[in-house]
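Visitor: My questions are about this predicted structure, shown below with the sequence.
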Amino acid sequence: MVKGSWIRRMFEEGIAMKKKYGPENVYDLSLGNPIMEPPPEFKRELKRLANNPFPGMHGYMENAGYPQTRAAVAEQLTKETGIKMTEKDVIMAVGAAGAINVALKTILDPGDEVIVFLPWFVDYFNYVENHDGVVRVVETDEGFMPRLDKLEKAIGARTKALLIDSPNNPTGVVYSAELMTQMGDILRKKEAEYGTEIFIVSDEPYKKIIYDGLKYPSPLNFHRHSIIATSHSKDLSVPGERIGYVALHPEAKYHDEMMTGFTFCTRVLGFINAPAFMQNVVRSLQGVTIPVSEYQRHRDFIYDNLVRFGYTVNKPQGAFYIFPKCPIEDDVAFIHELQQEHHVLTVPGVAFGTPGYFRLVYCVDDRTLELAMPGLEALARKYGLK
Ligand SMILES: Cc1ncc(COP(=O)(O)O)c(C=O)c1O
């Protein structure tokens, strides 16, 4: 609880501050809860289904989810990757968090290792430990790209998976095709050395939120032992609706057993199935995404300002987070000062395993973003960044 409570603590302190000063006087850049409403196609589909109910629409279905929805997801993945996929390669899941837990429960034996890169997504440790796995942390370079030399050294006989998150929360980096090629080569070399299968588990809820015309390199194209564990939380802006999926490369070893495992684990983890109504809604929305240009506008605004204030920061290529270097060593003291003196809420780098940085979200309204800037500028000046 103590380890994992940073974001929740910020959330609770934020509520207290909003009560004290009025919500319009607190600038909350701490929570990745997208401000954007779902696209009009989503609302149209909601209404269409509500107005045309069909028998059994709210009942159980097979644990894997509706075959038609799984086929629609598979068709979209085929379009994106060129790999022929069908409903036999997909099960529906309760958000990306549910999908990752289903994937990990299926593949992990107690003591198996899962590699994650720094900075990590807060709940990865919890997810891996839920299934008696052990996390091994691997460093990234100064641009937050995985250090492949360190990756190669970290892989051992017990390594079962590499849990990746590109576009990345909290840094916004997108792993390039070149990096994915090298990563795939390393995994196959190690699979041959140890006689094992090493899976990429790809947590990719931001894969469509990507900027400057960049193309998302899917792990499916670089490693046949790839499992996609993701959701529509961010691309359709519906995180509260809990709809996602697990997809497996059609040529993965033990493919059919693994799909049966995903289905069984969906049941025994207590999900039973992904929400029925949402499965029906997202079926026809596989090619639909919220307007990414809006997030790109916010990305440009916050990045340009932070650079102007003197912060050292990488330009995010995707997702809706930015991860500047802290002007002082103690990131916790810094975010508290930002909060107490300037009413700007952020999350310290220590929450992601990388003290000395802090995370800001820019999936907020224009006003919040604009009014958060003077506080960031004041502290930059106070600590001599310009
Ligand atoms: C990297 C990452 N993985 C997983 C999740 C959880 O996604 P979901 O709400 O679809 O479970 C989030 C949510 O913010 C995230 O940022």
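Guide: That came through fine.

Visitor: Could I get the contacting residues of whatever residue of the stretch 251-386 of the chain ends up closest to the ligand?
Guide: Residue nearest to the ligand within the stretch 251-386 of the chain: residue 319 (7.4 Å; C-beta to the nearest ligand atom). Yep, even glycine has a C-beta here, placed from its N, CA and C like the rest. With C-beta atoms under 8 Å, 6 or more residues apart in numbering as the criterion, the residues that contact residue 319 are 167, 168, 169, 172, 206, 209, 234.

Visitor: by contact count, what packs against whichever helix or strand residue 359 is part of?
Guide: Secondary structure from DSSP states H and E places residue 359 in strand 358-361. Judged by 3 or more C-beta pairs under 8 Å, 6 or more residues apart in numbering; DSSP states H and E, strand 358-361 is in contact with strand 321-322, helix 331-342, strand 347-348.

Visitor: picking up where we left off before, just the contacts of residue 319 that are near the ligand?
Guide: Residues of these in contact with the ligand (C-beta under 6 Å from any ligand atom): residue 169.

Visitor: got TSV for the contacts of residue 319, with neighbour count too?
Guide: Formatted as TSV, the contacts of residue 319 follow (neighbours: other C-beta atoms under 10 Å):
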residue	neighbour count
167	26
168	27
169	24
172	28
206	27
209	24
234	27
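
Visitor: Return the member of the contacts of residue 319 nearest to the ligand.
Guide: Taking C-beta to the nearest ligand atom as the measure, residue 169 is the one of the contacts of residue 319 closest to the ligand, at 3.7 Å.

Visitor: Is the residue sitting furthest away from the middle of the chain within a helix or a strand, and which one?
Guide: Among residues of the chain, the one most distant from the C-alpha centroid is residue 55; the distance is 35.3 Å, by C-alpha atoms, centre = their mean. Element membership for residue 55 (DSSP H and E) is empty, with no helix or strand holding it.

Visitor: Could you tell me the phi and psi values at it?
Guide: As for residue 55, its main-chain torsions (degrees, to the nearest 10) stand at phi -60, psi 140.

Visitor: low-scoring stretches of the protein, by residue?
Guide: Counting by pLDDT under 70, the ranges of the chain that qualify are 1-5.

Visitor: what helix or strand does residue 13 sit in?
Guide: Per DSSP H and E: helix 6-21 holds residue 13.

Visitor: Okay, buried residues for that helix please.
Guide: Within helix 6-21, the residues scored as buried using 16 or more other C-beta atoms under 10 Å are 6, 7, 10, 11, 13, 14, 17, 18.
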